[in-house]
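**Q** let's see this in three dimensions:
(one chain, ligands or ions: 1)
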Amino acid sequence: MEDKKILFSAIQPSGILTIGNYLGALKNFRKLQSDYNSVFSLADLHTLTVRQDPAVLRKNTYELAALYLACGIDPEESVLFVQSHVAAHAELTWILNTVCYPGELSRMTQFKDKSLKHEDNVNMGLMDYPVLMAADILLYQTDLVPIGADQKQHLELARDLAIRFNNRYGETFRVPEGYFGKTAARVMSLAEPDRKMSKSDSNLNAFISMNDDRDTIIRKFKRAVTDSGSSITASPEKPGITNLLTVYCAFTDKSLKEAEDEFEGKGYGDFKLAVGETVADVIDPIRLEKNRILEDKQYIDSVLKSGAERAERLAGRTLAKVYKKVGLVPRARG
Ligand code: TRP
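**A** As a prediction, the model looks like this:
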């Protein structure tokens, strides 16, 4: 690999993604990939922390692999692999567990939220989720981790564990930094703009899925809830319009001011149509390309195979170092 800084990120193959996930993750990944030695993972082990249907998980994993590729992740340039294909992730998790305290995990916001949501399945994996995520990141001596704001606490833990391990056993891990896209890309529900856009919303009109076709996208934006008044300006009193402006800016890379100027004097109807068309122009081709790639499972398997081999080499170096530092006797070879 060239002498660039290392970037690592991952997405869970746990179902359809929304344009919020696209803006918060995939769009940034594509933009950043050539400036770094980039490693992107499909975090399938993480999905097991909530109940999955095995057949659906398999399907979702292929879907996500195809989506990564359709969004412009170049499998030659970047390393694209499935987390469970590289055993070092589970192995380093065990070692990091021995330098992590239960209190650090039980006070995680996401653990508390998910424990309430999945009351009947508060398992050890759910609690240990951030340690597995720390292993993901630290195995690659990562410099930069593009993540959404909701993962900030988890990244903080990865940093803490790296520092703690280094202090106890000597310099081993690089301490990673977070990268938060410039449009904090907090995309809100199209139906209730004071709530985050969520793929699990029972109102299908509230979110745009990466699987929505052009007409569906435009129709959903036409139906998006707006606010009283008629000016197209961002303000706390206008959460609906503000959200649509945010989405428009994120998709066009325009500033808020530019967008407000562009729509000055226009009606809500025209504005919503313009936002819908703009989003559809980006998302619909990605969907078509993803479906095209999905038809060639062999191709996807070959990409993931070479990704796993490259990831394994990189991760293996760190894991070997860790095992040595903590005093595990290396297995004799040959
Ligand atoms: N927990 C992340 C999410 O749900 C996904 C993830 C797993 C991840 N491992 C990671 C993100 C490592 C960044 C780095 O969004």
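
**Q** show me where this protein dips below the pLDDT cut-off.
**A** Judged by pLDDT under 70, the chain has its weakly predicted residues at 1-2, 182-185.

**Q** what are the ranges of the helices in the stretch 1-150 of the chain?
**A** 19-21, 27-32, 44-47, 54-70, 88-97, 102-106, 109-117, 124-138 (DSSP state H, counting those that start in this stretch).

**Q** give me the neighbour count for G125.
**A** Number of residues near G125 (other Cβ atoms under 10 Å) recorded here: 16. Every residue, glycine included, has its C-beta placed from N, CA and C.

**Q** what residues does the protein put near the ligand?
**A** 8-12, 43, 46, 133, 136-137, 145, 147, 151 (Cβ under 6 Å from any ligand atom).

**Q** in this structure Y129 contacts Q110, no?
**A** Yes. Judged on Cβ atoms under 8 Å, Y129 makes contact with Q110 at a distance of 7.4 Å.

**Q** show me which of the two is the more surrounded one.
**A** Using other Cβ under 10 Å as the criterion, Y129 and Q110 rank with Y129 on top: 24 against 14.

**Q** ok, the more buried one - contacts?
**A** Contacts for Y129 (Cβ atoms under 8 Å, 6 or more residues apart in numbering) come out as H46, T49, Q110, F111, H154.

**Q** distance of N28 relative to F173?
**A** According to Cβ to Cβ, to the nearest Å, N28 and F173 sit 24 Å apart.

**Q** swap that for L273, please
**A** L273 is 50 Å from F173, by Cβ to Cβ.

**Q** name the residue in those two with the higher neighbour count.
**A** F173 (25 against 15).

**Q** so that one sits against T318, correct?
**A** Yes. Using Cβ under 8 Å, F173 is in contact with T318, at 7.4 Å.

**Q** any residues in contact with both of those two?
**A** With Cβ under 8 Å, 6+ apart as the test, F173 and T318 both reach L138, Q141.

**Q** touching both of Y129 and Q110, which residues are there?
**A** H154.

**Q** what about the strands in the protein?
**A** 6-11, 37-42, 79-82, 144-146, 177-179 (DSSP state E).

**Q** any chance of the ones you listed in JSON lines, plus distance to S198 and mean neighbour count?
**A** Formatted as JSON lines, these follow (distance: least, Cβ to Cβ, whole Å; neighbours: other Cβ atoms under 10 Å):
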{"stretch": "strand 6-11", "distance to S198": "16", "mean neighbour count": "22"}
{"stretch": "strand 37-42", "distance to S198": "21", "mean neighbour count": "25"}
{"stretch": "strand 79-82", "distance to S198": "25", "mean neighbour count": "24"}
{"stretch": "strand 144-146", "distance to S198": "21", "mean neighbour count": "22"}
{"stretch": "strand 177-179", "distance to S198": "22", "mean neighbour count": "15"}
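
**Q** same list, those, but as a markdown table with distance to E119 please.
**A** Putting these into a markdown table (distance: least, Cβ to Cβ, whole Å) gives the following:
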| stretch | distance to E119 |
| --- | --- |
| strand 6-11 | 26 |
| strand 37-42 | 28 |
| strand 79-82 | 30 |
| strand 144-146 | 31 |
| strand 177-179 | 31 |
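
**Q** relative to K297, which of those is closest?
**A** strand 79-82 (13.6 Å; Cβ to Cβ).

**Q** what number of residues lie near S202?
**A** 6.

**Q** just K257 next, same as before
**A** Using other Cβ under 10 Å: K257 sits among 10 other residues.

**Q** now do M133
**A** M133: 23 surrounding residues under other Cβ under 10 Å.

**Q** over to the one 3 residues further on?
**A** Residues within reach of D136, counting by other Cβ under 10 Å, total 27.

**Q** so who does it touch?
**A** D136 touches F8, A10, S41, A43, Q83, H89, counting by Cβ under 8 Å, 6+ apart.

**Q** ok, so of those, who is nearest G269?
**A** Distances from G269 to those, taken by Cβ to Cβ, are shortest for A10, at 40.1 Å.

**Q** the closest one pairs with what?
**A** S41 (DSSP bridges).

**Q** can you verify my assumption that it contacts Q83?
**A** Yes. Proximity of A10 to Q83 meets the contact threshold set by Cβ under 8 Å, at 6.8 Å.

**Q** now the common contact residues for these two.
**A** Common neighbours of A10 and Q83 (Cβ under 8 Å, 6+ apart) are S41, L42, A43, H46, D136.

**Q** give the contact list for A320.
**A** P330.

**Q** now it: how far from G170?
**A** Distance from A320 to G170, by Cβ to Cβ: 15 Å.

**Q** quick revisit: pick the one among the residues of the chain next to the ligand closest to E104.
**A** M133 (12.8 Å).

**Q** not counting sequence-adjacent ones, nearest residue to the closest one?
**A** Counting by Cβ to Cβ, 6 or more residues apart in numbering, M133 lies nearest to H154, which is 5.1 Å off, once chain neighbours are set aside.

**Q** distance of I95 relative to S106?
**A** Relative to S106, and taking Cβ to Cβ, I95 is found at 20 Å.
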